[in-house]
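Enquirer: Sequence and predicted structure below; questions after.
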Amino acid sequence: MKIADLPDDTRLELHNHMKRIIRKYYKGLKNGSLKYESFIDKMFSMKTQPQWLKNYPNLEKDLDFRDSLIQYIKNITNGYIQMEQQNKLNVNHKHKVLSERPSEKAVQKDMLTLQDRQELKKILHDNGYTLSIPSKFLTASEASYLKEYIQEGISVPLGWEKILNYIKKST
């Protein structure tokens, strides 16, 4: 079984758990002193197992799952490395005027229009959900994934599990 085959709520638990552990061992994973296989073995041998592992105990021995987990960890660490490099660039250019500014069209393309925000809020309301963050912080791709997830029941793409934290069931 691969990570993509797990249910959305289990993938969200896995995503949150992996982020927490990767932050702890990031330096070792980044410089290669901690190998991915030994990292996964250490994660599986922890005293308190996460709920997703208790629900699927056979994943511990599944080789396909281990391979997909290694790929998932590599993607997360690569994302952290890119953020780290971007932050270094921002610090270096903090007090300088940048010659190339992002164009207004590029910024607007990723942001939601007011009409799209209202449409998303209506869809959420009609299906018994609310946003836990302001809609102005959502990107167009996040909004489209949320719409597909709520309206059509389409699973969230691998790596986008964080958007499931943005919604909650209305009471």
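Expert: That came in fine, so what should we check first?
Enquirer: What ranges does the protein have for its strands?
Expert: 129-131, 167-169 (DSSP state E).
Enquirer: Out of those, which is the most enclosed?
Expert: Among the strands of the chain, strand 129-131 has the highest mean neighbour count (mean count of other C-beta atoms under 10 Å), at a mean of 16. Bear in mind the C-beta positions are built from the backbone N, C-alpha and C, glycine included.
Enquirer: Just list what it packs against, helices and strands only.
Expert: helix 114-126, strand 167-169 (3 or more C-beta pairs under 8 Å, 6 or more residues apart in numbering; DSSP states H and E).
Enquirer: what's next to that strand, contact-wise?
Expert: Applying C-beta atoms under 8 Å, 6 or more residues apart in numbering, the contact partners of strand 129-131 are Leu120, Lys121, Leu124, Leu138, Ile150, Tyr166, Ile167, Lys168, Lys169, Ser170.
Enquirer: Let's see the PyMOL selection covering just the buried ones among these.
Expert: In PyMOL syntax, the buried subset of the contacts of strand 129-131 is picked out as below (16 or more other C-beta atoms under 10 Å):
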select buried, resi 120+124+138+150+166+167
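Enquirer: okay, and the helix or strand of the protein with the least pLDDT?
Expert: helix 104-110 (a mean of 51; mean pLDDT, DSSP states H and E).
Enquirer: re earlier: between the strands of the chain, which one is closest to Glu37.
Expert: Each of the strands of the chain has some distance to Glu37 by C-beta to C-beta; the shortest is strand 167-169, at 35.2 Å.
Enquirer: The closest one: how far from the chain's middle?
Expert: 17 Å (C-alpha atoms, centre = their mean, to the nearest Å).
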